[in-house]
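here is a sequence with its predicted model. Questions after.
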Amino acid sequence: MNSSNRLGSGLMLQLLMLTALGITSSQGLSEEYLKDIKADQVAEQASGSYNYDQQGNDWEGTCQDGQQQSPVSLTSSAAIVTAIPRIYFYNYDQNLESPLILTNNGNTANMVLPPTQNGQRAYINGGLLPGTFEAQSVHFHWGSASSKGSEHTINSERYDVEMHIVHKNIRYQTVSEASAYADGLAVLGVMFRAVNRIFSLHSGLIRIFNQLPQIVEYESSTEVTGRLTVQQLLGNIKTGEFYSYNGSLTTPDCAESVTWTVFKDVVDLPERQIMKLWELKDSRSQPLTNNYRTLQDINDRPVYYTAQ
Ligand SMILES: *[C@@H]1O[C@H](CO)[C@@H](O)[C@H](O)[C@H]1NC(C)=O
Ligand SMILES: [Zn+2]
């Protein structure tokens, strides 16, 4: 974090100052949420600077030599089709604390998820998840005006946008700690399709997308106001149909700590909403577009698919 002229948003500056000073609440942000935002910033900085100029082919370390990397091509023909318990969602229908903070971190639009208004976390278990996992943050991968940008492909189809809801195993204290363990993280992947329609049913998602013009600049943040539940992020997809496999973070350091659950059902969003993603800028003030990593070798890993 350098030169204050980059900090387009006074809010981000204030957050940085607050956390640097160890002051722990302002603007109605709870102590816990501030702590999580700070931890997320530290983790983001620890991953170093990277870009999508080569769709990740130039990233080093585990990104280069790992054998359980993500994303991968998901196909119903290559998957082991079997009965898997459904994913159970807890507190997904509870309003999150507000305000929510949406940030352009140079690689994506990221929102750290606070506890719900009942003081608990939204969490999941079931599926092939090796434990219980709390929702920590949500971010997006997208293309450009001329390309689609989901990370996984499903039956060879790349979708316009892929949303990731990052969860950490409750066995671990932080996302950073959890990323050192094979059972550390669970990411839910949800595909979005741009549709030629003005209105969307997904008011929660739209409230996030409506704030994107406020975070065009690198390291800017804004508030997402109003009530939001984690459930609303899922649109109205059928959550009983999904792929699951063991893989990695799709950004450096590409830690192999993720149980992936990628839903087959797709959220339709008006194209004019998705276009807002293409306007974001990276740390070089270049357009932040096509922020997806190239497909990785499956290397004999089983991919499971269930439809119920
Ligand atoms: C992930 O790896 C663990 C340990 O090898 C295995 O028990 C589990 O079944 C795998 N999960 C999936 C979804 O492949
Ligand atoms: Zn992601």
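On my side now, so go ahead. Ligands and ions are numbered 1, 2, ... in the order given.

just the closest residue of the stretch 1-150 of the chain to ligand 1, please.
Across the stretch 1-150 of the chain, no residue is closer to ligand 1 than L128, which sits at 3.9 Å (CB to the nearest ligand atom). Using the backbone N, CA and C atoms, a C-beta is placed for each residue, glycine as well.

how close does F263 get to ligand 1?
15 Å (CB to the nearest ligand atom, to the nearest Å).

so that residue makes contact with M191?
Yes. Contact between F263 and M191 holds when scored by CB atoms under 8 Å: they sit 7.3 Å apart.

OK, contacts around A79?
243, 303-305 (CB atoms under 8 Å, 6 or more residues apart in numbering).

could you redo the last one with a cut-off of 10 Å?
Contact criterion CB atoms under 10 Å, 6 or more residues apart in numbering gives 155, 243-245, 302-306 as the residues in contact with A79.

before we move on, what about N51?
For N51, the contacting residues are 58-59, 106-107, 282-284, 286, 288, 291, by CB under 10 Å, 6+ apart.

surely I274 is in a strand?
No. Assessed by DSSP: H, G, I helix; E, B strand; the rest coil, I274 does not belong to a strand; its assignment is helix.

and after the lengthiest helix in the chain, which helix or strand comes next?
Secondary structure of the chain per DSSP state H: the longest helix is helix 31-46. Per DSSP states H and E, helix 31-46 leads on to helix 62-65 as the next helix or strand towards the C-terminus.

still on that earlier bit, in strands only, show me the contacts of A79.
243-245, 304-306 (DSSP state E).

whichever of those end up buried, select them in ChimeraX.
Selection command for ChimeraX covering only the buried members of the ones in strands among the contacts of A79, criterion 16 or more other CB atoms under 10 Å:
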select :243,244,245,304,305,306
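
restrict the ones in strands among the contacts of A79 to those near ligand 1?
Within the set of the ones in strands among the contacts of A79, contact with ligand 1 (CB under 6 Å from any ligand atom) is found for 244-245, 304.

and the contacts of N51, which of them are buried?
Buried subset of these (neighbour count, 16+ other CB under 10 Å): 59, 106-107, 282-283, 288, 291.

which bits of the stretch 151-300 of the chain sit near ligand 1?
Among all residues of the stretch 151-300 of the chain, those adjacent to ligand 1 (criterion: CB under 6 Å from any ligand atom) are 244-246, 259.

do that again at 8 Å, thanks
182-183, 244-246, 259-260 (CB under 8 Å from any ligand atom).

between those, which has the most around it?
Among these, W260 has the most neighbours (other CB atoms under 10 Å), with 25 neighbours.

in three-state terms, label that residue for me.
When the structure is reduced to helix, strand and coil (three-state DSSP), W260 reads as strand.

any idea how far stretch 195-209 is from the chain center?
Computed by CA atoms, centre = their mean, to the nearest Å, the separation of stretch 195-209 from the middle of its chain amounts to 18 Å.

buried sites along that stretch?
So stretch 195-209, judged by 16+ other CB under 10 Å, has buried residues 195, 200, 202, 204-209.

end to end, how far does it reach?
One end of stretch 195-209 to the other measures 15 Å (CA to CA, to the nearest Å).

what about the longest helix of the chain, distance to the chain center?
Relative to its parent chain, helix 31-46 has a centroid offset of 15 Å by CA atoms, centre = their mean.

hmm, back to that, nearest to ligand 1 among the buried residues of stretch 195-209?
Out of those, the one with the shortest distance to ligand 1 is L205. That distance is 27.3 Å, counting by CB to the nearest ligand atom.

could you check which helix or strand contains the closest one?
Under the criterion of DSSP H and E, L205 resides in helix 203-209.
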